[in-house]
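> coordinates for the following, if possible.
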Amino acid sequence: MVLQRGSQRTYGWAEAAVRLVLALAFAAGCGERDRLTFPTDNPGDGAGPVTDISLPSAADTVVTEGDLLIIQGRTTDADGVDTVYFEVGGANQGFAPLRGNGADTVDFALQLSTLNRSGATIVFRAYGVDLLGGQGAPASRQIRIE
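Residues are numbered from 1 along each chain as shown. Okay, here's the model as predicted:
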């Protein structure tokens, strides 16, 4: 029942009650409804990023004190690389993590100091974490300084 008063429309109490019940039912249904999701066949490969060190190419390397030592490599992951971490043992040197920002490949090149380190052995490790939180196995190099 709709009553007209001038240019305003007024609803009867029965119609107003029905509208209120429908509004409450709709609001309650929206709160309990699952969020819209899209199924995916591959929610991630379940493995962390793969890190490869290309320089130095040998796992065990000997360098002369004072030589320029560059560690070069890349971390790849189809799920997207979040961060690449670096660990240096046997040297008073470290590197901040490298943000991948979701790229599928992150290249890195870092310089290690060999000055005043004659007789030292440095162990360098790098590993990545993907956007889904999967941590990959570390790649490592052992460097002896003569």
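> so where's the protein shaky on pLDDT?
Residue ranges of the chain with pLDDT under 70: 1-11, 13, 21-45.
> so the residue most central in space within it versus residue 70, what's the distance?
For the chain, the residue sitting closest to the mean C-alpha position, by Cα atoms, centre = their mean, is residue 82 at 2.4 Å. Applying Cβ to Cβ, to the nearest Å, the value for residue 82 to residue 70 is 24 Å. From N, CA and C alone the C-beta is placed, and that goes for glycine too.
> counting neighbours, what do you get for residue 17?
11 (other Cβ atoms under 10 Å).
> host element of residue 15?
helix 13-32 (DSSP states H and E).
> C-terminal to that helix, what's the next element?
Per DSSP H and E, the helix or strand that comes after helix 13-32 is strand 50-55.
> now residue 79. Nearest residue, chain neighbours left out?
residue 130 (4.4 Å; Cβ to Cβ, 6 or more residues apart in numbering).
> quick one: contacts for the one you found?
Residue 130 is in contact with 44, 48-49, 77, 79-82, 136, counting by Cβ atoms under 8 Å, 6 or more residues apart in numbering.
> let's see that with 10 Å instead.
Going by Cβ atoms under 10 Å, 6 or more residues apart in numbering, residue 130 touches 44-45, 47-49, 75-83, 100, 102, 104, 136.
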